[in-house]
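Novice: Mind folding the following:
(one chain, ligands or ions: 4)
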Amino acid sequence: AYVNTKEILEKASQEFYAVPALNINNLEFLQVIIEAGLEERAPVIIETSEGAIKYAGNGNILRGAKLFVDMVRAYADTIDIPVALHLDHGKHFEFIMAAIKAGYSSVMIDASEYPFEENLKITKKIVEIAHSVGVSVEAELGRLVGIEDNVIVEEHEAALVDPDEAAEFVEKTGVDFLAPAIGTSHGAFKFKGAAKLDFDRLKKVKNLTNKPLVLHGASSVPQEIVKLAEEYGANFKGAKGVPSEILKEAVRYGINKVNTDTDLRMAFVAGLREFLAGNPAEFDPRKYFKTSKEYVKKVIKDRMRLLDCANKA
Ligand SMILES: O=C(COP(=O)(O)O)N(O)CCCCOP(=O)(O)O
Ligand SMILES: [Ca+2]
Ligand code: NA
Ligand SMILES: [Zn+2]
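Specialist: Ligands and ions are numbered 1, 2, ... in the order given. Coordinates of the predicted model:
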């Protein structure tokens with residue numbers, strides 16, 4: 001069934017587990033996400049960035065948003081696990097409104113690079129609009145460090161969430177779930193030294209807001225996948241993610257939505273490189289993504305179990 005993201009996350013927050021939020025840009029990732037959800041009996045949160053919407057719609061924003069809603073609902077309306085579609089990192093009003101108009105379950109307004117009062121004002125406006133038509137809202141406090149396409153934030157501006165600000169922010173904006181920056185970053189090259197998240201801030205944000213919380217930049221970048229891809233020509237020197245143990249701890253302290261994109265991308269490209277190296281004669285697009293899809297599906301199923309949302313559908 002096609003549901004509101006808030007429904008999935010409120011339950012997760014009550015029961016202290018988390019749900020992976022899985023980014024898609026094409027049909028193949030959607031297919032394996034749905035299969036994984038059905039096999040693990042897990043709730044599914046699918047999300048698309050603004051870049052994904054541009055990509056799917058050949059630059060036409062409303063067409064891209066509509067395409068994703070129709071693709072996701074074609075699956076969601078025909079299966080018995082809850083499925084939600086979320087706009088990830090909505091930074092531009094045009095994309096947020098297109099997602100709402102197209103029928104997304106929820107939208108993120110990411111105004112976290114602006115000063116607090118500005119972020120609050122912008123977020124409040126989006127919440128009023130979205131809530132008026134039953135769409136739930138995610139917002140972000142603090143800044144991620146790192147680069148992922150157009151999700152680029154200057155390193156020196158990196159600032160972790162201020163827990164006292166979080167309480168005021170949630171109170172004044174009415175936002176449904178919050179992404180507090182606690183030390184992660186987007187992409188495959190996280191952390192300067194050892195992987196470390198600021199759990200002290202996380203616990204405070206949870207206690208002060210009592211809202212479902214979102215961890216961005218949460219991919220683990222499993223080394224076996226990095227090695228496999230490199231065996232077939234990839235160059236992922238220095239790739240590093242969030243270790244599973246740290247993710248589990250984040251869930252214990254109140255994280256309920258775990259944004260995962262890089263791990264899916266790495267698994268897909270490792271599988272693609274391996275398949276193409278071993279099948280020089282293959283050119284059927286229903287065949288040459290086979291290994292990629294198997295690897296992505298396994299990453300998703302493992303993460304559903306790690307976050308304890310398996311059998312929670
Ligand atoms: O927090 C995350 C995922 O973090 P991860 O990189 O650790 O998987 N996300 O919000 C996903 C970011 C997707 C950005 O994609 P574009 O390239 O389309 O802009
Ligand atoms: Ca941000
Ligand atoms: Na998001
Ligand atoms: Zn993110």
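
Novice: measure L85 to A52 for me?
Specialist: Per C-beta to C-beta, to the nearest Å, L85 is found 11 Å from A52. Backbone N, C-alpha and C define where each C-beta goes, glycine included.

Novice: Who has more neighbours out of those two?
Specialist: The neighbour count for L85 versus A52, taken as other C-beta atoms under 10 Å, is higher for L85 (28 against 22).

Novice: That one falls within a helix, correct?
Specialist: No: L85: not assigned to a helix; according to DSSP: H, G, I helix; E, B strand; the rest coil it is strand.

Novice: Could you pull up the residues touching it?
Specialist: When contacts are counted by C-beta atoms under 8 Å, 6 or more residues apart in numbering, L85 touches 2, 46-48, 68-69, 72-73, 76, 103-106.

Novice: which ones are touching the residue of the stretch 151-300 of the chain found nearest ligand 3?
Specialist: For the stretch 151-300 of the chain, the nearest residue to ligand 3 under the criterion C-beta to the ion is N259, separated by 5.6 Å. Going by C-beta under 8 Å, 6+ apart, N259 touches P20, A21, N23, E47, D88, V214, L215, H216, G217, A218.

Novice: same question, Y253
Specialist: For Y253, the contact set (C-beta under 8 Å, 6+ apart) comprises F199, L202, K203, K206.

Novice: Show me which of the residues you listed are buried.
Specialist: Burial by neighbour count, 16 or more other C-beta atoms under 10 Å: within the contacts of Y253 this picks out F199, L202, K206.

Novice: Tell me which of these fall in strands.
Specialist: Per DSSP state E, strands hold no members of the buried ones among the contacts of Y253.

Novice: now the strands for the stretch 1-150 of the chain?
Specialist: Secondary structure of the stretch 1-150 of the chain (DSSP state E, counting those that start in this stretch): strands located at 19-23, 44-48, 83-90, 106-109, 136-141, 146-148.

Novice: quick one: the third one to strand 44-48, angle?
Specialist: Read that as strand 83-90. Interaxial angle, strand 83-90 versus strand 44-48 (axes from the mean of the first three to the mean of the last three C-alpha atoms, to 10 degrees): 30 degrees.

Novice: ok and strand 83-90 relative to strand 136-141, angle-wise?
Specialist: 40 degrees.

Novice: which intervals of the stretch 51-200 of the chain have sub-threshold pLDDT?
Specialist: For the stretch 51-200 of the chain, applying pLDDT under 70 flags the ranges 145-158.

Novice: Would you pull up the residue in it closest to ligand 2?
Specialist: Relative to ligand 2, the nearest point of the stretch 51-200 of the chain is S112 (3.5 Å; C-beta to the ion).

Novice: about what we covered before: relative to E249, which of the strands of the stretch 1-150 of the chain is closest?
Specialist: Among the strands of the stretch 1-150 of the chain, the nearest to E249 by C-beta to C-beta is strand 19-23 (16.3 Å).

Novice: send the alpha carbons of that closest one over as CSV?
Specialist: Only the C-alpha atoms of strand 19-23 are listed here, as CSV (Å, rounded to 0.1, in the frame of the first residue of the first chain):
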residue,chain,number,x,y,z
VAL,A,19,13.9,2.2,8.1
PRO,A,20,16.4,2.7,5.2
ALA,A,21,15.4,5.5,2.9
LEU,A,22,16.6,4.3,-0.5
ASN,A,23,17.4,6.6,-3.4
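
Novice: Who are the packing partners of that strand?
Specialist: Packing partners of strand 19-23 (3 or more C-beta pairs under 8 Å, 6 or more residues apart in numbering; DSSP states H and E): helix 5-15, helix 27-40, strand 44-48, strand 83-90, strand 255-260, helix 290-306.

Novice: Now do F177: how many residues are near it, please.
Specialist: F177: 26 neighbours (other C-beta under 10 Å).

Novice: Surely it is in contact with V127?
Specialist: No: with contact defined as C-beta atoms under 8 Å, F177 does not reach V127; the gap is 11.4 Å.

Novice: what residues do these two have in common as contacts?
Specialist: Common contacts of F177 and V127 (C-beta under 8 Å, 6+ apart): V137.
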